[in-house]
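Just need the structure, nothing else, for what follows:
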Amino acid sequence: MATVSEQLSLPRFAVFEALATPETYPHWLVGCRAIRSVDAGWPRAGTRFHHRVGLVGPLTVADDTKSLESDPPTRLSLEVRARPFGRGRATFRLSDAPDGGTVVELDEAPIGLMAPAKPLVDPITARRNRRSLRNLADYLERGRSHAAPPA
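Numbering: from 1, shown residues only. The predicted structure is shown next:
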């Protein structure tokens, strides 16, 4: 499993709120271009949000992400999809940092037909997720109202 972490200066509830609000994703998640809709009851297990994932330049693919487990403010587990590339399980774990703030850990692994490719995709996934968590920290710590989606 590709596991990365980042420390944020904000409390867990504030970080979890951003993770549980799909509309924030285009501002920090590498590859997420737009949120098309969110099911009522999100992030309850089984609900989905529908998004557009960027491939190359203006090329995007419409897909969705399903909540597998939500335990505020400590854990959010998602089945992420970006067809035609496959599916993955992404789990955010939030804990209190020793000196204040929150540590966000993100584990992601391919599932389904892509699972055997795990050793090949882990380094790419880790790099993408490290960047995404840094973007999340920047987005939340500088204030949402001033944050523009990454280019």
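
Need the mean per-residue confidence for stretch 40-57.
The average pLDDT for stretch 40-57 rounds to 91.

Other residues contacting that stretch?
20, 22, 25, 31-39, 60-70, 76, 82 (Cβ atoms under 8 Å, 6 or more residues apart in numbering). Placement of C-beta: from N, CA and C, glycine included.

how long is it from one end to the other?
Using Cα to Cα, to the nearest Å, one end of stretch 40-57 lies 31 Å from the other.

Mark which of the contacts of stretch 40-57 are buried, thanks.
Buried by 16 or more other Cβ atoms under 10 Å: 20, 22, 25, 31-33, 35, 38-39, 60-61, 63-67, 70, 76, 82, out of the contacts of stretch 40-57.

Which residue of this protein lies farthest from its centroid?
Centroid-distance maximum for the chain: D99 at 24.5 Å, with Cα atoms, centre = their mean.

Doesn't that residue lie inside a helix?
No: checked against DSSP: H, G, I helix; E, B strand; the rest coil, D99 lies outside a helix; its state is coil.
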